[in-house]
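1. missing the sequence, but the structure's below:
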């Protein structure tokens, strides 16, 4: 009985974080901030939902599968987000006008200068 309530609360919280991720993708001003919302909030929402499933179905293979899916999401989402952001930066996708710091810009300019010297 208590596991059903805990699962229900975790499912609702997971759905709430997924909703926040979707709203963030729609409402945030540029690709970089949208990407942050899409990876962080949706990963946490998936974590909460999979923990809820593991609590509701306390069987070894369900828990194992949930843990493996959580690990997969938490290992691949940041890497994919980083690669998308890096390519967007190399393609000079415009940033939000209120962006104040771009630490990668100096590094990419440095790499471009070194590549020209090698040729």
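-> Great, that's in hand. All figures in this text were calculated on a predicted structure; none of them were measured in a lab.
2. I'd assumed residue 43 was in contact with residue 74.
-> Yes. Assessed by C-beta atoms under 8 Å, residue 74 is found in contact with residue 43 at 6.2 Å. C-beta coordinates here come from the backbone N, C-alpha and C atoms, glycine included.
3. what bits of this structure have low per-residue confidence?
-> Within the chain, the stretches with pLDDT under 70 are 102-104, 106-119.
4. Tell me where the longest helix sits in it.
-> helix 60-90 (DSSP state H).
5. more neighbours, residue 74 and residue 43?
-> Using other C-beta atoms under 10 Å as the criterion, residue 74 and residue 43 rank with residue 43 on top: 20 against 14.
6. OK, contacts around that one?
-> Residues near residue 43 by C-beta atoms under 8 Å, 6 or more residues apart in numbering: 73-74, 77.
7. Closest one of these to residue 9?
-> residue 73 (20.7 Å; C-beta to C-beta).
8. got a list of what that closest one touches?
-> Contacts of residue 73 by C-beta under 8 Å, 6+ apart are 43, 46-47.
9. Give me the buried positions along stretch 90-99.
-> Residues of stretch 90-99 classed as buried: residue 95 (neighbour count, 16 or more other C-beta atoms under 10 Å).
10. That one spans what distance, first to last residue?
-> Stretch 90-99 has an end-to-end distance of 17 Å (C-alpha to C-alpha, to the nearest Å).
11. element containing residue 92?
-> Assigned by DSSP states H and E, residue 92 falls within no helix or strand.
12. Spatially, what comes nearest to residue 80 if we skip its sequence neighbours?
-> residue 39 (7.7 Å; C-beta to C-beta, 6 or more residues apart in numbering).
13. Would you mind confirming that residue 50 is in contact with residue 69?
-> Yes. Under the criterion of C-beta under 8 Å, residue 50 makes contact with residue 69 at 5.9 Å.
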